[in-house]
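# dropping the sequence and predicted coords here.
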Amino acid sequence: MSHNWNDSQPIYLQLADQIKDMILNGDVAAGDALPSVRQLAMDYQVNPITVSKSYQILVDDNLVSKKRGLGMFVSDQAQVILQQQQRQDFIQKQWPHVLQKIEQLNIDTDALIKSLEKTGRQS
């Protein structure tokens, strides 16, 4: 995880986003324990309340669960939930901008599809 915080959003949101990215990338898997609030606060030199707020967001989104006396653990469906959320976000918010850029640059869609097929990234 990165220690470079930006001023565009609160640190607790940035930290939650970094943990979400780790789940999406498979860096932490279902059932894995997350570091303790104190440990993460020390590692990133942030207030433990900041880490707690990040963890609460993840709990509220059903991405992690609290196990009393044991800590926070990645939920079984966390990766699927995140993929669905981010897929929807991409389609609704980012894809229209991509389409607009394709039109602005007059890019041939057949060439794009062939490029996609060459890279082997077709689903």
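Nice, thanks for sending it over.

# which elements pack onto the lengthiest helix in the chain?
Ranked by residue count under DSSP state H, the longest helix found in the chain is helix 11-25. On a contact count with 3 or more Cβ pairs under 8 Å, 6 or more residues apart in numbering; DSSP states H and E, helix 11-25 meets helix 48-60, helix 78-89. To be clear about C-beta, it is placed using only N, CA and C from the backbone, and glycine gets the same treatment.

# report the angle between the axes of that helix and helix 48-60?
For helix 11-25 against helix 48-60, the angle between stretch directions is 50 degrees (axes from the mean of the first three to the mean of the last three Cα atoms, to 10 degrees).

# could you export the next helix or strand after helix 11-25 as CSV, CA atoms only?
Counting by DSSP states H and E, the next helix or strand C-terminal to helix 11-25 is helix 37-44. Written as CSV, here are the backbone C-alpha positions of helix 37-44 (Å, rounded to 0.1, in the frame of the first residue of the first chain):
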residue,chain,number,x,y,z
VAL,A,37,-6.0,-0.9,13.7
ARG,A,38,-2.9,-0.1,15.8
GLN,A,39,-0.5,-1.8,13.5
LEU,A,40,-1.9,-0.1,10.4
ALA,A,41,-1.9,3.3,12.2
MET,A,42,1.8,2.8,13.1
ASP,A,43,2.8,1.6,9.6
TYR,A,44,1.2,4.6,7.9
